[in-house]
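1. sharing a model prediction with you, sequence too.
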Amino acid sequence: MGLVVGIDLGTQSLKAVVCDEQLAVLGSHSVPVATVYPAPGQAEQDPRAWEAALEPAVAGALAAAKADPASVVALAIAGQLDGCVAVDAHGAPLHPALIWQDRRATAEVLDVPLELTGQVADASHMAPKIAWLRKHGIAAAHWHQPISYLVARLTGAHVLDPAHASTTMLFDLAAGTWSAELLGRYAIAEHTLPAIQPATAIAGTLQGAIAGIPKGIPVAVGTGDDFSTPLGAGAVAPGPLLVTLGTAEVVGTLAAAPVFDRPAARAAADAYRDAPTPMVETHAYPTGAFFIENPGWLSGGAVRWATRLLGLTSDAELDAAAAQAPPGADGVTFIPALAGAMTPEWRADVRGALHGLSATHDRAHIARAVLEGLAFACRDVAGRLTSLGLGSPHALVLGGGAQSRLWIQIRADALQIPHHIAARTDSSAIGAAMLAAVAAGIHKDLRAAAALAEAPRAIIDPRGNARAAYDDAYGRYQNLTRRTS
């Protein structure tokens, strides 16, 4: 029935994959995307750079697959969410995109009902970013997420799926529509936002050829990478703890019905019971389930920061250094808040820290402390999910960070649950290909498409003899995060 193309717009690159009917990846190619940081707490990308990356990424994937572009029958885009793109009446960007890391709009955050949106009121979300851009003179004809922007440029259609819409702080989770209440509070006209359609619906058709793929083929609505990544690994229903180790670390689990993290309902034993905000949000998921998640802190990005800081040249060198220090890093603790805190509470003003340093410590201790601190943030979220009745027997690890066996062992030891490493950790683009395959009619629905995902390629079990050291180190981490938040 032909080939499908899945595209993932990440923070660092735009990646395309070419898949056959069984969703086997025949070829892939990535093109770098640059991020500009104008000031602390600010992060921007040029939407035109995303467009410029499309052609070479798709062409490279087709070449790697040795595929005829004319055999492609559909494509879909997934990728970064929590961005904001202002465009004029012709669809041209009026300002650099404020991406997910950007939390400059703190003054524009309005308190919103948790059970209306399922969201933490935070400057990372789209609604405050719209308000900030308007305050600074941007009068947009349409407001887009990064994915809906690209879909509009390819098809002329302004659409967004419910899962992605549920990250904007403007969505009514129960009704599955834009919230009239929140649109009114933010003074946003509904016609300036994308229309909400299922992720597998056909948004429109290609208005021009891409890398030889002829115009006129269907383009699916698409979704955000928080959802396409686990989908691409076969996650369609409640099961494991889902951990994506990309530039950001996304931690969550699927639930059959909405579950809300109500601060007032926390147990007395919860170490973070006094935190005034939820730690996890509740989002729609493309299969009809709900994703209860923390959408992430700088994680792979923190690893790259530490690599530069320590004068190393690769993640592998950081791993090698970290392996020379013992569990607990001899008392050194890293707080992973390089782009603001996301655990135990969401605080845009909190910054990262290395604590407990002495003259006896070297870069091995710092390297290990960074990997451990990121694992402890994951343990925070896993603990909160367990307290909400969503405990998981094991973790499914996705994203580029899953290539580090040392880091996954640290995580298994810190959380004391087995960690399953997905067969393909770069699964967001594969999730997009699944959307394209359903939109093209190749597969009946997403459950049928996701059933073709490969089984995990490895299982890393926790080591019982490391538990005491990690419990002690996690206690130090908790004491520090309670103090800084």
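-> Looks like it arrived, so ask away.

2. can you tell me which helix in this protein is longest?
-> Using DSSP state H, we find that the single longest helix of the chain is helix 363-387.

3. helices or strands next to that helix in the packing?
-> In terms of contacts (3 or more CB pairs under 8 Å, 6 or more residues apart in numbering; DSSP states H and E), helix 363-387 is packed against strand 241-245, strand 248-255, strand 290-298, helix 300-309, helix 315-322, strand 333-335, helix 405-415, helix 467-484. Yep, even glycine has a C-beta here, placed from its N, CA and C like the rest.

4. in a markdown table, list the ones you listed along with distance to residue 206.
-> What follows is the helices and strands packed on helix 363-387, written out as a markdown table (distance: least, CB to CB, whole Å):
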| stretch | distance to residue 206 |
| --- | --- |
| strand 241-245 | 29 |
| strand 248-255 | 30 |
| strand 290-298 | 30 |
| helix 300-309 | 32 |
| helix 315-322 | 37 |
| strand 333-335 | 46 |
| helix 405-415 | 40 |
| helix 467-484 | 48 |
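
5. assign a three-state SS to the residue most central in space within the chain, would you?
-> Nearest to the mean C-alpha position of the chain, by CA atoms, centre = their mean, lies residue 226 at 3.9 Å. Counting by DSSP: H, G, I helix; E, B strand; the rest coil, the backbone at residue 226 sits in helix.

6. what sits closest to it if chain neighbours are left out?
-> residue 250 (5.2 Å; CB to CB, 6 or more residues apart in numbering).

7. returning to that earlier point: nearest to residue 347, out of the helices and strands packed on helix 363-387?
-> helix 467-484 (8.3 Å; CB to CB).

8. for the stretch 101-250 of the chain, which segments are assigned as helices?
-> Secondary structure of the stretch 101-250 of the chain (DSSP state H, counting those that start in this stretch): helices at 114-117, 126-135, 146-155, 162-165, 180-185, 225-232.

9. starting at the chain centroid, how far to the fourth one?
-> Right, the one you point to is helix 162-165. Relative to the chain's own centre, helix 162-165 is displaced by 13 Å; criterion: CA atoms, centre = their mean, to the nearest Å.

10. that helix: which residues count as buried?
-> Buried residues in helix 162-165, counted by 16 or more other CB atoms under 10 Å: 162-165.

11. distance between the ends of stretch 38-51?
-> 22 Å (CA to CA, to the nearest Å).

12. repeat that for stretch 38-45.
-> 11 Å.

13. can you give me how far it is from the chain middle?
-> Put simply, stretch 38-45 sits 18 Å off its chain's centre (CA atoms, centre = their mean).

14. show residues contacting that stretch.
-> If you take CB atoms under 8 Å, 6 or more residues apart in numbering as the criterion, stretch 38-45 is touched by 33-37, 83, 96-104, 146, 339-340, 348, 351.

15. before we move on, the earlier item: out of the helices and strands packed on helix 363-387, flag the one nearest residue 187.
-> strand 290-298 (25.4 Å).

16. so in that sheet, which strands flank the closest one, and in what orientation?
-> strand 248-255 (antiparallel), strand 281-284 (antiparallel) (DSSP bridges).

17. please work out the average pLDDT along the last one.
-> Think strand 281-284. In this model, strand 281-284 has an average pLDDT of 98.

18. residues making contact with that strand?
-> 118-120, 162-163, 165-167, 171, 173, 176, 226-227, 258-261, 290-295.

19. go again using 6 Å as the cut-off
-> Residues from elsewhere that reach strand 281-284 (CB atoms under 6 Å, 6 or more residues apart in numbering): 118-120, 162-163, 166, 258, 260, 290-292.

20. same deal with stretch 260-280?
-> By CB under 6 Å, 6+ apart, stretch 260-280 touches 114-115, 120, 282, 292-294, 343-346, 384, 478.

21. 7 Å instead?
-> The contact list for stretch 260-280, computed with CB atoms under 7 Å, 6 or more residues apart in numbering, reads 114-115, 118, 120, 252, 282, 292-294, 343-346, 380-381, 384-385, 387-388, 478, 485.

22. between its first and last residues, how far does that stretch reach?
-> Stretch 260-280 end-to-end distance (CA to CA) = 8 Å.

23. that one: which residues count as buried?
-> Per 16+ other CB under 10 Å, stretch 260-280 contains these buried residues: 261, 263, 266, 270-272, 275, 278-280.

24. just the closest of those residues to residue 51, please.
-> Distances from residue 51 to these, taken by CB to CB, are shortest for residue 280, at 33.7 Å.

25. point out where the stretch 351-485 of the chain drops to low pLDDT.
-> By pLDDT under 70, the low-scoring segments of the stretch 351-485 of the chain are 483-485.

26. what do you get if the cut-off is 80, keeping everything else the same?
-> 425, 483-485 (pLDDT under 80).

27. same check, this time on the chain
-> Those would be 1, 425, 483-485, if you go by pLDDT under 80 across the chain.

28. if we can go back for a sec, just the buried members of the contacts of stretch 260-280?
-> Counted by 16+ other CB under 10 Å, these give 114, 118, 120, 252, 282, 292-294, 343-346, 380-381, 384-385, 387-388, 478, 485 as buried.

29. partner strands of the very next helix or strand once past the longest helix of the chain, parallel or antiparallel?
-> Moving toward the C-terminus from helix 363-387, the next helix or strand (DSSP states H and E) is strand 395-398. According to DSSP bridges, strand 395-398 forms sheet pairs with strand 241-245 (parallel), strand 419-421 (parallel).

30. end to end on stretch 109-128, go ahead and measure it.
-> 5 Å.

31. what does it contact?
-> 82, 84, 100, 103-106, 108, 145, 166-173, 179, 182, 185-186, 258, 260, 262, 277-278, 281-283, 346, 348.

32. might you specify the subset of these located within strands?
-> Per DSSP state E, strands hold the following members of the contacts of stretch 109-128: 171-172, 281-283.

33. among those, which two are most distant?
-> 172 and 281 (14.6 Å).

34. which of those two has more residues huddled nearby?
-> residue 281 (26 against 18; other CB atoms under 10 Å).

35. so what's the residue count around the closest residue to that one other than its chain neighbours?
-> Using CB to CB, 6+ apart and skipping residues adjacent in sequence, the residue nearest residue 281 is residue 119, 5.0 Å away. Residues near residue 119, counting by other CB under 10 Å, number 24.

36. roughly how far apart are residue 119 and residue 238?
-> Using CB to CB, to the nearest Å, residue 119 is found at 21 Å from residue 238.

37. excluding chain neighbours, what is closest to residue 323?
-> residue 406 (5.7 Å).

38. next one: residue 349
-> That would be residue 340: by CB to CB, 6+ apart, it lies 7.1 Å from residue 349.

39. any idea what the one you found is bridged to?
-> Going by DSSP bridges, residue 340 forms beta bridges with residue 338.

40. is it in contact with residue 347, as I believe?
-> Yes. Residue 340 is in contact with residue 347 according to CB atoms under 7 Å; the separation is 6.2 Å.

41. map the structural domains onto the sequence of the chain.
-> 3-230+431-440, 235-422+456-484 (automatic domain parsing).

42. for residue 446, which of these is the nearest?
-> domain 235-422+456-484 (5.1 Å).

43. how far out from the middle of the chain is the closest one?
-> With CA atoms, centre = their mean, you get 14 Å for domain 235-422+456-484.

44. now list the buried members of the contacts of stretch 38-45.
-> So, by 16+ other CB under 10 Å, the buried ones in the contacts of stretch 38-45 are 33, 35, 83, 96-104, 146, 339-340, 348.
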